[in-house]
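K.L.:
Fold the following.
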Amino acid sequence: TGIIIVEPDVDEPVETEEPPLDTGGTDSDAEGPVEDGTPTPPDDPGPVEGEHGARFVAFFTADDLDAVPAGQEITVIWRVRNSGTSTWDHRFGLSQLKQELAAPVHQSLFEASGRHRVEPGEEINLTVTMVAPDEPRELFYESIFQLVDHEGQPFGHRYWIRADVVPGPEVGIPALQAKPLQTGVNINPDDTISNPVDSDILRGLNWVRFPFKAADKRRSVAESFAEYDPIVEGYIQKNIGSLIILNQQTVAGDDAPWRNNGDWSAYADRFAAAAGDIAARYAHLGNKVAYEIWNEGDNPDTPWVSVFVPPGEFAKVLGRSAAAIRQAAPEAKIVFGGLSTGPDRAASYVTSVRRSLGGDLPVDGIGIHPYGRWPLVKPFPDWRFGTLAQVFEAFRLRDVHVPLWITELGIPGHQNVIGPEHYPAITRYFGDLFRHIAEDHAAQVPVVIWFAWSDNMENAGIVKSDGTPKEGLFDSFTAVRDRTLPGL
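P.N.:
Residues are numbered from 1 along each chain as shown. Predicted structure coming up:
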């Protein structure tokens, strides 16, 4: 356990001495050295340095890395020096290269250090809070981090953490809850009832989710801002973030590869350019705007819903667009497109994409759409897919430790209006869903976004097609929105 230093061009890590575990905490933005007794790097020449350079100085954690209870938070601090000739600014950040302990895949310089600028020769503390997996194992869990520059290129030492995970407290103990559950709802900007941006009715939620339609409306990305700027800014005024879906509705064209078996690599470049332009437009809003790359692209069986992208090709789209977004808006979260094929196929799709990307996923979350699954009790007798916990377990078993975002889940009627006789069952399901995730799975599933706001969206609304609240369900929604539901 402890810190390992690796030069960027050296394959074998050099392990330093074990850091002491009893020296107490350190302020993450302290200007003095990390407390006495923390390890120092061995005598080695370090990474090749030039314009961008970062050297390890010291490591500290108050946690016992030899026995971390499953599901518990771990906080570690690396003291590093700007050993190059450039000033690090808000475009720099800390990225996770290997993801076995749940932590943000990318943090801006300010998020990691509390600093907006770091001059050459200055030292800062990089603080990362992680969550141990729920499953203990014989082999330690390991995560690797490295600083990245304004173009997303890594530089300087790599920072390794290894933790031996042991059985934790029983489910329901607060240690299993990393942060309060974030809540949201899918909206439709094309329909006034489905997009209540001019009302305070959604105030209290964390997110609204909607697609950015440029290609779908036969216009450029730049021309589309006239529609989406008021929506994004309107919800920001209510302290609600926007999770923007980028997919074939955003960028298409006559040469789109799904239309003529064309070149996915060329498309990935065009898509990444558009993603970067959109991210740059909203970069000033920080982490209040996030981006979901594609939607149900793992499912070849629903062409009327989404465009299927083979995993090797999606790796190109995801990798390049994520890099463009990171460069334009370092604080924005990036979510791997909502997956809908069921737990085993969806998790396998993710691991195939990860393999094509060289073993890492450049995202902060993986979107899933586990329709037809229930928290604890079936809402309807004929439901047969299984529980939500089975979905989460499928990703754990494949060593996918990126947080899961439920970006769609609900009970759609599709072409049929759901009658009021079913409202009580849907109301129970709604409340049970948010309570169950908040109490038992928030460390792995930090975000739940319901589908949908109104019945003008697949007859799956919290309100009817005319905006009238559905009896019982709307009350349950307000309990989630206002965080008065037990467990939230």
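K.L.:
For the stretch 251-400 of the chain, give me the ranges with low pLDDT.
P.N.:
For the stretch 251-400 of the chain, no stretch is flagged by pLDDT under 70.
K.L.:
all strands of it, in order?
P.N.:
Under the criterion DSSP state E, counting those that start in this stretch, the stretch 251-400 of the chain contains strands at 289-295, 334-339, 365-368, 373-374, 386-387.
K.L.:
export those to CSV and tack on distance to T427 and mean neighbour count?
P.N.:
The way it works is simple: take the backbone N, C-alpha and C, and place the C-beta from them, glycine included. Shown next, in CSV, are the strands of the stretch 251-400 of the chain (distance: least, Cβ to Cβ, whole Å; neighbours: other Cβ atoms under 10 Å):
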stretch, distance to T427, mean neighbour count
strand 289-295, 27, 25
strand 334-339, 24, 28
strand 365-368, 23, 26
strand 373-374, 14, 20
strand 386-387, 19, 16
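K.L.:
Ok, which of those strands comes nearest A283?
P.N.:
Among those, the nearest to A283 by Cβ to Cβ is strand 289-295 (8.3 Å).
K.L.:
mind checking the SS state of E233?
P.N.:
helix (DSSP: H, G, I helix; E, B strand; the rest coil).
K.L.:
now it: how far from G419?
P.N.:
E233 sits 38 Å away from G419, going by Cβ to Cβ, to the nearest Å.
K.L.:
of the two, who's got more company?
P.N.:
Between E233 and G419, counted using other Cβ atoms under 10 Å, E233 has the larger neighbour count: 13 against 8.
K.L.:
now A112, nearest residue through space, not along the chain?
P.N.:
Once flanking residues are discounted, A112 sits nearest to L94: 4.3 Å by Cβ to Cβ, 6 or more residues apart in numbering.
K.L.:
So what's the residue count around the one you found?
P.N.:
Burial of L94 is recorded as 26 neighbouring residues (other Cβ under 10 Å).
K.L.:
What residues of the helix or strand harbouring it count as buried?
P.N.:
Take DSSP states H and E as the rule and L94 turns out to sit in strand 93-99. Judged by neighbour count (16 or more other Cβ atoms under 10 Å), strand 93-99 contains these buried residues: G93, L94, S95, Q96, L97, K98, Q99.
K.L.:
which other residues reach it?
P.N.:
By Cβ atoms under 8 Å, 6 or more residues apart in numbering, the surrounding residues in contact with strand 93-99 are 103-109, 111-112, 126, 128, 142-148, 152, 154, 158, 326, 330, 359-362, 401-402.
K.L.:
What secondary structure category should be reported for G184?
P.N.:
Following three-state DSSP, G184 is assigned to strand.
K.L.:
The chain should start at 30 in everything you say after this.
P.N.:
Noted, 30 is the first residue going forward, which turns the last one into G213.
K.L.:
who's in contact with the closest residue to it other than its chain neighbours?
P.N.:
Closest residue to G213 apart from its sequence neighbours, by Cβ to Cβ, 6+ apart: W236 at 3.1 Å. Remark: with contacts taken as Cβ under 8 Å, 6+ apart, W236 is in contact with Q211, T212, G213, V214, I269, G270, S271, L272, A319, V476, I478.
K.L.:
now do 6 Å
P.N.:
W236 makes contact with G213, G270, L272, I478, according to Cβ atoms under 6 Å, 6 or more residues apart in numbering.
K.L.:
would you list the residues you listed in TSV and tack on pLDDT and neighbour count?
P.N.:
Putting the contacts of W236 into TSV (pLDDT from 0 to 100; neighbours: other Cβ atoms under 10 Å) gives the following:
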residue	pLDDT	neighbour count
G213	98	24
G270	98	23
L272	98	23
I478	98	26
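K.L.:
Widest-spaced pair of these?
P.N.:
Of all pairs drawn from those, the greatest distance, 10.7 Å, lies between G270 and I478 (Cβ to Cβ).
K.L.:
Do you have the strands of the stretch 80-229 of the chain handy? List them.
P.N.:
Going by DSSP E, counting those that start in this stretch, the stretch 80-229 of the chain shows strands at 83-90, 97-98, 102-111, 122-128, 135-137, 152-160, 170-177, 183-192, 194-195, 211-215.
K.L.:
Please tabulate those in CSV, including the columns distance to D229.
P.N.:
Shown next, in CSV, are these (distance: least, Cβ to Cβ, whole Å):
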stretch, distance to D229
strand 83-90, 43
strand 97-98, 41
strand 102-111, 34
strand 122-128, 34
strand 135-137, 30
strand 152-160, 33
strand 170-177, 39
strand 183-192, 43
strand 194-195, 44
strand 211-215, 14
